Structures are given as structure tokens and as C-alpha cells.
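Novice: fold the following for me, if possible:
(chains A and B)
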Amino acid sequence: MKQFIHGNEAVVRAALDAGCNFFAGYPITPSSQIAHKMAELLPQRGGIFIQMEDEIAVINTIIGASMAGARAMTATSGPGLSLMQESIGYSAITETPLVIVDVMRAGPATGIPTFPSQGDVFSACYGSHGDYPVVVLAPVNILEVYSLTFKAFYIAEKYRVPVIVLIDGITAQMKESVSLPNMNVSESDKPKRPHLGEGIRHHTTGLIHGEDGMPIYDPQLYKQVMQKLMNKIQTEELMMIQREGKESAQIFFITYGICYRSAKEAVCELEKQGISVGLIKLSTLSPFPDKKLKEFVKGAKKVIVPEMNMGQVVKEVERCLCNECEIVSVNSLGTLMEPEVLIEEAIK
Amino acid sequence: MKKEWRTFLREKYLPHRWCAGCGNGIILNVFVHAFSEAGLNQDKTVILSGIGCSGRITQYLNFDTIHTLHGRAIPLATGIKLFRPDLNVIVFTGDGDCMAIGGNHLIHAARRNIDLTVIFINNQIYGMTGGQLSPTTPLHSKTKTSPYGNKETPFNVTELVISAGATFVAKFTTYHARELKRGLVKAFFHKGFSFVEVISACPTRWGLKPVEALESQKKEKVGIIKPSPSNTD
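Specialist: Numbering: from 1, shown residues only, chains lettered A, B, ... in the order given. Predicted coordinates:
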């Protein structure tokens, strides 16, 4: 059945269907509706909602809840994500699953509240100090807001990593008529992990540690620990990327989030003019799907990377494709990427 | 059933790494005796610590233990207690951890009156990082970052947590080990936010002999401040 549903509401629907039973939050536009809905619905289902004193408290509270066995999440925007960074590294090194939804607004700092943006890619993928694994997902529409948020919980539990769902302010704040699948998790689907209060008497620390949980002070062991940690997310399952259009296209749009939809419109228009342009949709931004992207655009003369920032994912594309073709960054700040701009760039 | 205090220590990791005369060793000792006397379930107890010398205490305690980020033990403990109210949740924190970087979390946890026991080890200096000024360093004291004397007034921490809403507040020193043990047992059983300040010594950073450091604590007024003694059993 089709429903007219708001992006932030789809986050809540997905989280509840995925078994989320703990939410801590701090008000910030344009993500606040997620907290509002969670505050209303979680207590009715025996879950816990709490508003904390700041985002640093928020993320540490969900880490604690997750260690105690909860399926825990929060939702925030760029300024909040910045405050959470140290603890994202802590979640990674202690291998504590958690889901963070970041509804991106224009930055840096307070930016322009609350123009939409895709400016938090670097922040989400690389924001904490040291090397650490983090999975970053980017939905293109409300159906994907639902399916990727749902999947985020599964990934967090299976890989025991922090997962960040990056939603641009447009997708989160619009309503669409969609039929959401009724997904749910059966007990057997739930990955098992040890919890507090089970008599294990384990030590958990943000220090680099060995298998007994105790700190290690040996460069070789340190390297082994880091390799294990970094390699665990290098799997096909996590690197979600799709190609649309002709394989033999000479030009490709490489997109994520709302810019996918602008590019799709541009592709349709160009098709009418007899120009064939390919379209790549990146659903995962970390770990970056290097291999598949290379394979998908092999032989292309030009790739165009439209983003609502000054050029972030384009850096990954440059690293990935080296000098194999022309790489063009197209930027739209504070507002939707116009398909006309992309058409113009494609026929240049 | 009471368990012997030794079972609460990870003896394999002893002796501890703290300096000679450090108050943390005394507090570790008093804590395991207090826990034994309280007769609480070891496997239904989670102990957390922050960063600093006091943060290392969780390594030596044979429980589910969590060494958190600097200043963040209290919000992490809040998440655990909210999701698992059946667990006893105990936090060790120092004066830099609790009163500087984690000060916001402390007052809000007290305001919420969440059922945690916070053991605040106050040695009035940053020990691990080399002896810098902390928010509880006495006025005019010389430290690495106050070489001409501390110009700032220290926090009165027990007054602060009382005004923020804590429902059990006590103050002891490492000199008053027996009183501290009795105070901790009461704090464990208190329903609501319990806060126990322990004035501790850092002979290394204060340049004192261990005995001198303990002697200086003798004059401190110790005991349970809230609920006021007249209201207690």
C-alpha cells in the first residue's frame, strides 16, 4: 500500500522494524523529527528514549546501551556529528555496534540553518583521529532511506562497527508517495554478541588492546590489531554500487543522495537528444567501492561528479580512477542540483 | 552470600602500576572490601572509569569493566543503567575527568538522579599528564601550568552535586579508609544518584612523602553530607 511519508519518518519506521530499542538524542534541525517520533513511539514498545545534555553525551549513552545489549541509535546533523567524532573512534576500537543518522545541513560550523547539503562526507568517513573502520551509507530517496537505515542495524551488529546513514537535507525533509516493504528481523537473523551482565567479566577499553581486552604496548601487535580492524569491512556485501544506462557510454554521472535524482533526470533528457550517458549510484561511501567503480566506468572519456558541497566524493573518484579519464566536479551549494547544469556539462 | 574480597580483583594484573603512596591503591583496596561487605552480585555489576591515573582502576577489578574516553564514563553508565536497570553501575572518575572535561555530564546525571554510584577520586592535580592544574587545585598552588600560583578558585564539588540534585553525597579521604568503606556500602544501596568524593594523594606530583600526604588529610571533615545525618537510620 502506498503511503505519503516524510523522510525522517521513514528513518523511524526502518529503525523500529529493525528492532531499535534505544534512542538518545539532542535537538538539531533538520533531524529533530526523528527524535520527536522516537520519543513518542519507543516508550509504547518498551524501548528507551532519552534527551541528553549534548551530542557527546548522546553518543556515549548509546555506546553504553549497545554494550548492555540494546539496538541503539541516534540522529543528528553536521554540528552534532562533529561533536561525536572522538566517540565514533571509541565505538570502532571497542567494536560496539551503533547507528548514527546524519541529516546534512549546510556547513561549516553553524552554516546556513538549515539549507540542505551533502557536506558531511569527509566528516562521516574520516572525522575521528587514528585509523578506524566506519560504514557510511547514502540513500537517494525515501524508499532507500527506509531500506538503508534498516540495513544499517544489520551491518552494525554483524560487523560490530559504527554505521552512519548520511541523508541530505532534501531527502530527509521531503514527502514521497511510496510503498514501504514490511521488513522485520527474526530472532535467528540477529547476530549474537556478548553483553554486559552475563558474567563474562570482560575488560573494555579505548586503548589498543589484545584479545584479553588489556592494553598492548608492541608495535607489531598494534599493526596486527589495526589490520584486523580495518580489513573486516572490506567485503563485497558492504560496497553497494549500481550502474544504469548503457555499458558502453562515454560519459558517466557518478552520484549519491539527492544528486542521483538530478542526474537521472539529466540522463533521460540527454537520451531524448540521442546522447547516451551512464549513471552510477553509490549507496556506500565507506568502504568505498573502488573495484566495481573502476569496472563500471572502464573506457569512459569523462565522468561527472555532482555534489551539494565543494567536492568531496570527487576526491575518492580521482583516487580511484587516477588519470584514466577526465573527472569533473559539479557543485551546488545550499540548493538542489539542477539537471540543466548537468546536461550542459555532459554536452560540453 | 558474601564473597571473599580477593575474588573481586584480577590478581593476574597485579601489582598495580600506580606510584608509591598513590591514593588509588588504597581506594582499590577499600572498594573490594566494601563490595564484599555489601554482598552484591559481582556478575550483575558494571564498573566504569574515565581517563587519568584513576581510570586504570577498572583493569584490576574482576567485573564487567569499561575504561571509557576522557570525561565520558557517566553518560556511558547512563546508557547501561537505562537499558539494564537490574545492573549495579559504578563509576570511578578523577578531578580532571569529572570536574573539567566531564563536568557537564556530572551535573546532568545528578539532576536526573539516575541510579549510579560515582566514586570521585580527587587528588587535585592531573597526575598522568605530568602535574598540571585541575579544577580542584587549591588557590595559589604551584603546578606545571600554574608556576606562579593558581589564580582560580577550586570547585566545592559536593555542594555542586547537591545543588544539581544528587540524593546521596559523601566526602572521605584515603586517610579515613574505614569510614570510606562504610560510606561506600551505603552508597551502593542508595536508590538514586550517589556521589562519594575521596580526597586522595599524589605524592609524586605534589612533591610530598606518602606519609606527609596522608597526614595532610587527617583534618578533613568526613562523612555523609546528604541525606543529612539526622535523617539517616
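
Novice: my read: residue B:82 touches residue A:48, true?
Specialist: Yes - Residue B:82 is in contact with residue A:48 according to Cβ atoms under 8 Å; the separation is 5.1 Å. C-beta: built from backbone N, CA, C; applies to glycine.

Novice: who's more crowded, the two?
Specialist: More neighbours surround residue B:82 than the other of residue B:82 and residue A:48, with 22 against 19 (other Cβ atoms under 10 Å in any protein chain shown).

Novice: which SSE is the more buried one in?
Specialist: helix B:73-83 (DSSP states H and E).

Novice: again with residue B:217
Specialist: Judged by DSSP H and E, residue B:217 forms part of no helix or strand.

Novice: where does residue B:172 sit: helix, strand or coil?
Specialist: The local conformation at residue B:172, judged by DSSP: H, G, I helix; E, B strand; the rest coil, is strand.

Novice: same check, this time on residue B:46
Specialist: Residue B:46 - assigned by three-state DSSP - is strand.

Novice: which bits of chain A sit near chain B?
Specialist: A:21-22, A:24, A:48, A:50, A:52-54, A:56-58, A:60-70, A:72, A:86-87, A:90, A:196-207, A:214-215 (Cβ under 8 Å from any Cβ of the partner chain).

Novice: in helices only, show me those.
Specialist: A:56-58, A:60-67, A:86-87, A:90 (DSSP state H).

Novice: just flag the most distant two among those.
Specialist: A:65 and A:86 (18.2 Å; Cβ to Cβ).

Novice: more crowded one of those two?
Specialist: More crowded of residue A:65 and residue A:86, by other Cβ under 10 Å: residue A:65, with 29 against 18.

Novice: got the contact list for that one?
Specialist: Listed by Cβ atoms under 8 Å, 6 or more residues apart in numbering or on different chains, the contact partners of residue A:65 are A:22, A:24, A:48, A:72, B:79, B:80, B:82, B:83.

Novice: same thing but 10 Å
Specialist: By Cβ atoms under 10 Å, 6 or more residues apart in numbering or on different chains, residue A:65 lies in contact with A:21-24, A:48, A:50, A:71-73, A:96, A:98, B:76, B:78-84.

Novice: check residue 24 and give its pLDDT.
Specialist: No chain was given, so I picked chain A. Note for residue A:24: predicted pLDDT of 98.

Novice: could you do chain B instead?
Specialist: For residue B:24, the pLDDT comes out at 98.

Novice: how close does it get to residue B:52?
Specialist: Residue B:24 is 10 Å from residue B:52, where distance means Cβ to Cβ, to the nearest Å.

Novice: overlap in contacts of those two?
Specialist: Common neighbours of residue B:24 and residue B:52 (Cβ under 10 Å, 6+ apart) are B:92, B:94, B:121, B:123, B:127.

Novice: highest neighbour count among these?
Specialist: residue B:94 (33 neighbours).

Novice: which single residue of the stretch 201-348 of chain A approaches chain B most closely?
Specialist: Ranked by Cβ to the nearest Cβ, the top residue of the stretch 201-348 of chain A for proximity to chain B is residue A:205, at 3.8 Å.

Novice: beta partners for that residue?
Specialist: Counting by DSSP bridges, residue A:205 forms beta bridges with residue B:67.

Novice: list the contacts of the closest residue to residue B:202 other than its chain neighbours.
Specialist: Nearest-residue entry for residue B:202: residue B:123, 4.2 Å, with adjacent residues in sequence omitted and distances by Cβ to Cβ, 6 or more residues apart in numbering or on different chains. Counting by Cβ under 10 Å, 6+ apart, residue B:123 makes contact with B:22-24, B:52-54, B:94-96, B:134, B:136-137, B:174, B:198-206, B:213.

Novice: how many neighbours does residue A:70 have?
Specialist: Neighbours of residue A:70 (other Cβ under 10 Å): 25.

Novice: over to residue B:61: give its phi and psi.
Specialist: phi -100, psi 130 (degrees, to the nearest 10).

Novice: mind pulling up the pLDDT for it?
Specialist: In this model, residue B:61 is scored at 98, pLDDT.

Novice: is it in contact with residue B:119, as I believe?
Specialist: No - counting by Cβ atoms under 10 Å, residue B:61 does not reach residue B:119; the two are 11.6 Å apart.

Novice: who has more neighbours out of those two?
Specialist: Counted by other Cβ under 10 Å, residue B:61 and residue B:119 do not tie: residue B:119 has more neighbours, with 27 against 24.

Novice: mind checking how far that one is from chain A?
Specialist: 18 Å (Cβ to the nearest Cβ, to the nearest Å).

Novice: give me the sheet partners of the helix or strand harbouring that residue and which way each runs.
Specialist: Assessed by DSSP H and E, residue B:119 sits inside strand B:117-122. Neighbouring strands of strand B:117-122 in its sheet, by DSSP bridges, are strand B:88-94 (parallel), strand B:194-199 (parallel).

Novice: buried deepest among those strands, which one?
Specialist: Among the strands paired with strand B:117-122, strand B:88-94 has the highest mean neighbour count (mean count of other Cβ atoms under 10 Å in any protein chain shown), at a mean of 29.

Novice: need the next SSE after that one, C-terminal direction.
Specialist: Assigned by DSSP H and E, the successor of strand B:88-94 is helix B:95.

Novice: helices or strands up against that following helix?
Specialist: If you count contacts as 3 or more Cβ pairs under 10 Å, 6 or more residues apart in numbering or on different chains; DSSP states H and E, helix B:95 packs onto strand B:117-122.

Novice: using CSV, write out every CA atom in the next helix-or-strand element following the strand holding residue B:119.
Specialist: Later in the chain than strand B:117-122, the nearest helix or strand by DSSP H and E is helix B:157-164. The C-alpha trace of helix B:157-164 is given here as CSV (Å, rounded to 0.1, in the frame of the first residue of the first chain):
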residue,chain,number,x,y,z
VAL,B,157,32.3,19.6,44.4
THR,B,158,29.9,18.1,47.0
GLU,B,159,28.0,21.4,47.2
LEU,B,160,27.8,21.4,43.4
VAL,B,161,26.3,18.0,43.1
ILE,B,162,23.8,18.6,45.9
SER,B,163,22.5,21.7,44.2
ALA,B,164,22.3,19.8,40.9
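
Novice: so where is the stretch 51-200 of chain A shaky, pLDDT-wise?
Specialist: Along the stretch 51-200 of chain A, segments meeting pLDDT under 70 span A:187-188.

Novice: let's see 90
Specialist: A:114, A:181-193 (pLDDT under 90).

Novice: what sits against the residue in it that chain B sits nearest to?
Specialist: Nearest residue of the stretch 51-200 of chain A to chain B: residue A:64, at 2.7 Å (Cβ to the nearest Cβ). Residue A:64 makes contact with A:22, A:24, A:70, A:72, A:96, A:196, B:46, B:48, B:66, B:68, B:72-84, B:89, according to Cβ under 10 Å, 6+ apart.

Novice: tell me, how many residues neighbour residue 161?
Specialist: Reading this off chain A. Neighbours around residue A:161, by other Cβ under 10 Å: 24.

Novice: oops, chain B please
Specialist: Residue B:161: 28 neighbours (other Cβ under 10 Å).

Novice: before we move on, what about residue A:348?
Specialist: The burial count for residue A:348: 9, using other Cβ under 10 Å.

Novice: ditto for residue B:74
Specialist: Using other Cβ under 10 Å, residue B:74 has 32 other residues around it.

Novice: any idea how far it is from chain A?
Specialist: Residue B:74 is 8 Å from chain A, by Cβ to the nearest Cβ.

Novice: please name the nearest non-neighbouring residue to that residue.
Specialist: Closest to residue B:74 by Cβ to Cβ, 6+ apart is residue B:105, at 4.2 Å.
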